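Asker: Have a look at this prediction, sequence included:
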Amino acid sequence: MSTLVIKDLHVNVGEKEILKGICLEIKTGEIHAIMGPNGNGKSTLLSAIMGHPKYNVTSGSILLENQDVLSMSVDERARAGLFLGMQYPQEIPGVTNSDFLKAAMNARLEKPISLFKFIRTLDKNIEELNMNENLAHRYLNEGFSGGEKKRNEILQMKLLKPQFALLDEIDSGLDVDALRVVSDAINSMRSDDFACVMVSHYERLFELVKPTHVHVLVNGQIVMSGGYELVEKIDQEGYEWIKELGIEMKEEEEKKPIILESCGKKESFKNE
């Protein structure tokens, strides 16, 4: 069993403080759901754990098996067993999906995977995710539909087999059938060597992938933790009941996609 421990995490974007003392402990074998209104820090938390440079950790700590995650580069965090499934996966022209996946797998292996084994593993997982076989030979996410991009994030997760998967609204843009396929893929990875943190607004995902822990994040803080009953309460009542507890809710802000650098240029996606 491995443990990811977040203690008193404070994160700024520019001069603005977004996370205000997050404390969270995640063990392999667990599935954690993080819910809350838009603009209150859910995506910021996942991106800060993974090391996105936009998010500046001003205080607090993140420990993975007593290793200081904050001192690691992004690639070191990935090698240590962290994975981020992004809400807005970026297109990377000129790099085929299969080349990207093979390079990502080899970065975590002591010995490079053989071409035959890679093709066999890739084909098996593409079939399980009901993906078009041609996606493996197209440029990474270029021309992919929203649902194809999300399935491709799950394909990466299945091939890389992380200890801790951080999934940022992996269900957005998926129709009912695609959501079931993605949920089945996440459930197939449940084991004593795997943990998942899922950010979503919708009960449907959590019906299909039942969380062991549920956290409500409001105004940069986890204000309540519990079990699946919290998902049901939010689905039925929204977040207005939180105000009755004397907790102020930040007004929703427009959510912007994560911007990554590719080939020396910064590109961003518009919300679909």
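Answerer: Okay, I see it. Numbering: from 1, shown residues only.

Asker: so where is the chain shaky, pLDDT-wise?
Answerer: By pLDDT under 70, the weakly predicted segments of the chain are 249-272.

Asker: Repeat the analysis, applying 80 as the threshold.
Answerer: For the chain, applying pLDDT under 80 flags the ranges 243-272.

Asker: Which residue is the nearest non-sequential neighbour of the spatially most central residue of it?
Answerer: In the chain, the C-alpha nearest the mean C-alpha coordinate belongs to residue 167, at 2.2 Å (C-alpha atoms, centre = their mean). Distances taken as C-beta to C-beta, 6 or more residues apart in numbering place residue 85 nearest to residue 167, at 4.3 Å, with adjacent residues excluded. C-beta here means a position set from N, CA and C on the backbone, and glycine is covered the same way.

Asker: what separates stretch 167-179 from the chain centre, distance-wise?
Answerer: 12 Å (C-alpha atoms, centre = their mean, to the nearest Å).

Asker: got the contact list for it?
Answerer: Contact with stretch 167-179 is made by 42-43, 46-47, 84-87, 130, 146-147, 149-151, 153-154, 157, 182, 186, 196-202, 204-205, 208, 272, as judged by C-beta atoms under 8 Å, 6 or more residues apart in numbering.

Asker: and the end-to-end length of it?
Answerer: Using C-alpha to C-alpha, to the nearest Å, the end-to-end distance of stretch 167-179 comes out at 13 Å.

Asker: so after the helix or strand that contains residue 186, what's the next helix or strand?
Answerer: Counting by DSSP states H and E, the element that carries residue 186 is helix 176-188. Heading C-terminal from helix 176-188, the first helix or strand you meet, by DSSP H and E, is strand 195-199.

Asker: Show me what that following strand is packed against.
Answerer: Other elements packing on strand 195-199 under the criterion 3 or more C-beta pairs under 8 Å, 6 or more residues apart in numbering; DSSP states H and E are strand 16-27, strand 31-35, helix 42-50, strand 164-168.

Asker: picking that back up, mind listing what's buried in the helix holding residue 186?
Answerer: 178, 179, 181, 182, 183, 185, 186 (16 or more other C-beta atoms under 10 Å).

Asker: circling back to that earlier point, just the buried subset of the contacts of stretch 167-179, written out for ChimeraX, thanks.
Answerer: Typed into ChimeraX, the line below selects the buried ones among the contacts of stretch 167-179, using 16+ other C-beta under 10 Å:
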select :42,43,46,47,84,85,86,87,147,149,150,151,153,154,157,182,186,196,197,198,199,200,201,204,205
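
Asker: Next, the buried residues of stretch 74-90.
Answerer: So stretch 74-90, judged by 16+ other C-beta under 10 Å, has buried residues 77-78, 80-90.

Asker: now the end-to-end length of it.
Answerer: 16 Å.

Asker: So residue 131 sits against residue 154, correct?
Answerer: No - using C-beta atoms under 8 Å, residue 131 is not in contact with residue 154; the gap is 9.5 Å.
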